[in-house]
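Novice: Generate coordinates for the sequence data below:
(2 chains)
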Amino acid sequence: MFSRAYKAAVTLPPLVWVTVFLLMPYLLMFCYSFWSVSASQTIVHSWNLDNYRQLLRVDVYWQTLLRSMWIAARVTVFSLLLGYPLAYFLSFYAGKKKDLLYQLVIIPLWVSYLVRAYAWKTILGSDGVLNTLLQYVHLTRHPLEFLLYSPFAVVLTLTHIYTPFAFLPIYAALEHIPRNLVEASHDLGATPGQTFWRVIFPLSIPGVVAGATFAFVLSLGDFLAPILLGGPSGIMISNIVVSLFGAAYNWPLGAAISFCMLLLVVSLLFFSERLEKKWSFS
Amino acid sequence: MGLNVTSEMAAMSATRSAGGAALLSIRNVAKSFGKNAVLRDISLDVAEGEFLTILGESGSGKTTLLRIIAGFETASAGEVWMGNERLDRQPPYRRRVNTVFQHYALFPHLTVEQNVAYGLRVAKRPDAEIVARVAEALEKVKMSAHAKAKPSKISGGQQQRIALARALVNRPRLLLLDEPLSALDANLRRQMQVELKSLQREVGISFIFVTHDQEEAMVMSDRIALLRSGELEQVAKPREIYGRPATAYAAQFIGHTNLLKGEVRAGVVHCGPLMWASALPDGVALFSLRPENIRLAAGDVTTPAAVRARGNVRQQAFHGATELIRVQCGGELVLVVRTPGGCGVLDGVELEFSPADAVLVRESPERI
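Specialist: Below is the predicted model:
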């Protein structure tokens, strides 16, 4: 239908873009991960596996990676627990208010990440809104310290930020369920509860998997929330990568950690896609 | 007009089911969406074991009526009773009514077998019973071989059978079918009409079948309820609704007809060049005359009392077993005549019909 020249003209620019700005940097990063830094702070292009060995040997690296995954897992669970009921309510019961409520979920995405993260700082801080309130009503005598600069604060903030990302695919999946299936279920004698667990939920699984993947992958790589609200105990793996590429000047080790994370995320995406395919029936 | 009153009374009595106790009783049901009235004052009884068809054009309200019985819509007014139980106050999942949906609505994530078992599962029947009843239902619709298939892997006709099995396995007292054959091609459709009818006789469950296809309605039904713009036009057996249509709309919607507007003067109906004796009082009257009740008169043999007309053939349409010819009989009057084998001569054909076949019908005024 289209001439070869036209096809080439359309496909070439994005191909060049992806190659130059995505594939080549990844390749370069991959190369870096086998190099090392000399005593005089220059990068030595000698190929070895030292960086990967160090990753396994030095506790702080793999422990931080595990903690990051644990934080991301909690964020994922909370995002789903908040996002699913919201999406379900909007899709099935919101009626005419559906569009308005949908916009209300989307609008926070337009607000800068930093603003939202800082907002939590003013809420959770020692003389923040929450502590002031708790002391005012005499529930506590001293400010609660664990609220800010802790993994708790990071999980809370990331849940707030990534819940819309979990919500959107779930909502889309629920919207795609033909309503006559729900009617058929009721017609066959299933109560609303039975209908949810036997028809609606199974058919929304692709959305749940996509939402969970979004929440997990995005929060796993997050580095601003831990910087602003995490404190020493809330450090995540990306913060280590940032410092290795910055002040610590150990690009090769930073590249090795980055590559491990990339591998983790890509395999996650691979599995979630298989899972989504298995559960989609359209 | 005296005759009009009697035909109205006949129409009213027909809304009550012929003989037998009424299984379902629809009483003065009305439904409006906002200002838009979809159903107006519908009263209709369905007998035990009856095959009732709700026939109507799209937008006539037939699907809405079905959805009110199933419980997916609430009536704005009126009541629905099943035996001595008020049905319209129950949620759909408590009604002993099952539906075969227009597009089948099979659960895509469940196998054929699991789809059929669904109603029994949610009713928490014992496993052994479920297995036996599902196997029996699949057997009945000849789909045992596809028990493990997903709905997307079987054809439209097969999905149709599964939808039927899924509903019947619950042994409902009443089965609702919402244009279940409309998605099938013509041949399969005719085959399914016969199968569905014999299945209904076999299981003895009352069927309410919704369709816009008058031929389908005639073939399958014990009674037809003709719905027009949210009101019942006529409720009668197929032969009766065809032979004695109550209204101009009923006459035109079901089969072909000639609508003749005549003027009655002193016991004689005048309609263009046609004239026949009648006991009607003076005034304007509307008659339905079926094309097959008009004959091409052979030579000069005259049947006494027959109405005769002479005209020229304007058009012939071949319909296989019969042909429909349009004959212009002087002035505006065009009669459609059904003949077994068309018509050799075109000009100066003689037509005749018996005045008894000109059925007095009520006008069908426009409704919004």
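
Novice: and B:Ala279, what helix or strand is that in?
Specialist: Using DSSP states H and E, B:Ala279 falls within no helix or strand.

Novice: Around the closest residue to it other than its chain neighbours, how many other residues sit close by?
Specialist: Setting aside the residues directly before and after it, B:Ala279 is nearest to B:Gly267 in space (Cβ to Cβ, 6 or more residues apart in numbering or on different chains), at 6.9 Å. Quick note: C-beta positions are derived from backbone N, CA and C, even for glycine. Each residue near B:Gly267 was counted by other Cβ atoms under 10 Å in any protein chain shown, and the total is 11.

Novice: what's the answer for A:Leu275, then?
Specialist: What A:Leu275 shows, counting by other Cβ under 10 Å, is a neighbour count of 17.

Novice: Report the separation between it and A:Leu101.
Specialist: 29 Å (Cβ to Cβ, to the nearest Å).

Novice: one step back: which residues touch the residue nearest to B:Ala279?
Specialist: Listed by Cβ atoms under 8 Å, 6 or more residues apart in numbering or on different chains, the contact partners of B:Gly267 are B:277-280.

Novice: Turn those residues into TSV, columns for distance to A:Ile107 and pLDDT.
Specialist: Shown next, in TSV, are the contacts of B:Gly267 (distance: Cβ to Cβ, whole Å; pLDDT from 0 to 100):
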residue	distance to A:Ile107	pLDDT
B:Ala277	81	88
B:Ser278	76	87
B:Ala279	77	87
B:Leu280	73	89
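
Novice: Kindly reformat these as CSV and extend each row with neighbour count.
Specialist: Converted to CSV, those look like this (neighbours: other Cβ atoms under 10 Å in any protein chain shown):
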residue, neighbour count
B:Ala277, 11
B:Ser278, 17
B:Ala279, 8
B:Leu280, 18
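
Novice: hang on, B:Pro291 packs against B:Pro340?
Specialist: No. Counting by Cβ atoms under 8 Å, B:Pro291 does not reach B:Pro340; the two are 11.9 Å apart.

Novice: ok, those two, which is more surrounded?
Specialist: When B:Pro291 and B:Pro340 are compared for neighbours, B:Pro291 comes out ahead with 20 against 9, by other Cβ under 10 Å.

Novice: which residues does that one contact?
Specialist: Residues in contact with B:Pro291 (Cβ under 8 Å, 6+ apart) are B:256-258, B:324, B:335-338.

Novice: Report the buried members of the residues you listed.
Specialist: B:257-258, B:324, B:335-338 (16 or more other Cβ atoms under 10 Å in any protein chain shown).

Novice: What about these, which are in strands?
Specialist: Within the buried ones among the contacts of B:Pro291, residues falling in strands by DSSP state E are B:258, B:324, B:335-338.

Novice: Could you check the pLDDT of residue 11?
Specialist: No chain was given, so I picked chain A. A:Thr11 is assigned a pLDDT of 92 by the prediction.

Novice: should've been chain B
Specialist: 45.

Novice: all strands for the stretch 1-150 of chain B, in order.
Specialist: Under the criterion DSSP state E, counting those that start in this stretch, the stretch 1-150 of chain B contains strands at B:22-33, B:36-47, B:51-55, B:77-82, B:85-86, B:97-100.

Novice: check whether the fifth one contacts chain A.
Specialist: No. Using Cβ under 8 Å from any Cβ of the partner chain, strand B:85-86 never reaches chain A; the gap is at least 15.8 Å.

Novice: what's the answer for the first one, then?
Specialist: No. Judged by Cβ under 8 Å from any Cβ, strand B:22-33 stays clear of chain A, getting no closer than 13.9 Å.

Novice: Quick check: neighbours of that strand in the sheet, parallel or antiparallel?
Specialist: Sheet pairing of strand B:22-33 (DSSP bridges) gives strand B:36-47 (antiparallel), strand B:77-82 (antiparallel).

Novice: ok, B:Phe107 - how many residues close by?
Specialist: B:Phe107 has 21 nearby residues by other Cβ under 10 Å.

Novice: Contacts only, for it.
Specialist: Contacts of B:Phe107 (Cβ under 8 Å, 6+ apart): A:181, A:184-185, A:199, B:114-115, B:118, B:151.

Novice: if I look at it, how far off is A:Val208?
Specialist: Per Cβ to Cβ, B:Phe107 is found 18 Å from A:Val208.

Novice: next one: B:Pro245
Specialist: Per Cβ to Cβ, B:Pro245 is found 57 Å from A:Val208.

Novice: winner for burial among the strands paired with strand B:22-33?
Specialist: Ranked by mean neighbour count, the strands paired with strand B:22-33 are led by strand B:36-47 with a mean of 20 (mean count of other Cβ atoms under 10 Å in any protein chain shown).

Novice: so how far is that strand from its chain's centroid?
Specialist: Its chain's C-alpha centre and that of strand B:36-47 lie 15 Å apart, by Cα atoms, centre = their mean, to the nearest Å.

Novice: Also stretch A:114-127?
Specialist: 20 Å.

Novice: okay, that stretch in CSV with CA atoms only?
Specialist: Output in CSV follows, covering the C-alpha atoms of stretch A:114-127 (Å, rounded to 0.1, in the frame of the first residue of the first chain):
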residue,chain,number,x,y,z
LEU,A,114,8.5,17.0,44.1
VAL,A,115,5.5,19.0,45.2
ARG,A,116,3.7,15.8,46.2
ALA,A,117,6.8,14.4,48.0
TYR,A,118,7.3,17.7,49.9
ALA,A,119,3.7,17.7,50.8
TRP,A,120,4.2,14.5,52.8
LYS,A,121,7.2,16.1,54.5
THR,A,122,5.0,18.9,55.9
ILE,A,123,2.5,16.3,57.0
LEU,A,124,4.8,13.8,58.6
GLY,A,125,7.5,16.1,60.1
SER,A,126,8.2,16.5,63.8
ASP,A,127,6.2,19.8,63.8
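
Novice: Please enumerate the strands of the stretch 101-250 of chain A.
Specialist: Under DSSP E, counting those that start in this stretch, the stretch 101-250 of chain A gives no strands.

Novice: all helices for it, in order.
Specialist: A:113-124, A:129-136, A:151-175, A:179-187, A:192-195, A:201-220, A:224-225, A:237-245 (DSSP state H, counting those that start in this stretch).

Novice: could those helices go into TSV alongside mean neighbour count and mean pLDDT?
Specialist: As requested, the helices of the stretch 101-250 of chain A are exported to TSV (neighbours: other Cβ atoms under 10 Å in any protein chain shown; pLDDT from 0 to 100):
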stretch	mean neighbour count	mean pLDDT
helix A:113-124	16	87
helix A:129-136	14	85
helix A:151-175	23	94
helix A:179-187	21	96
helix A:192-195	15	96
helix A:201-220	22	95
helix A:224-225	22	90
helix A:237-245	20	92
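
Novice: And these: which comes nearest chain B?
Specialist: Nearest to chain B, of all those, is helix A:179-187, at 4.0 Å by Cβ to the nearest Cβ.

Novice: now that closest one and helix A:201-220, what's the angle there?
Specialist: Inter-element angle recorded for helix A:179-187 and helix A:201-220: 130 degrees (by axes from the mean of the first three to the mean of the last three Cα atoms, to 10 degrees).

Novice: How about helix A:179-187 and chain B, any contact?
Specialist: Yes. On the criterion Cβ under 8 Å from any Cβ, helix A:179-187 is in touch with chain B at A:180-181, A:183-187.

Novice: Which single helix of chain B contains the most residues?
Specialist: The longest helix of chain B (DSSP state H) is helix B:186-203.

Novice: quick revisit: in TSV, list the strands of the stretch 1-150 of chain B along with distance to A:Gly128.
Specialist: Shown next, in TSV, are those (distance: least, Cβ to Cβ, whole Å):
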stretch	distance to A:Gly128
strand B:22-33	51
strand B:36-47	55
strand B:51-55	66
strand B:77-82	58
strand B:85-86	58
strand B:97-100	57
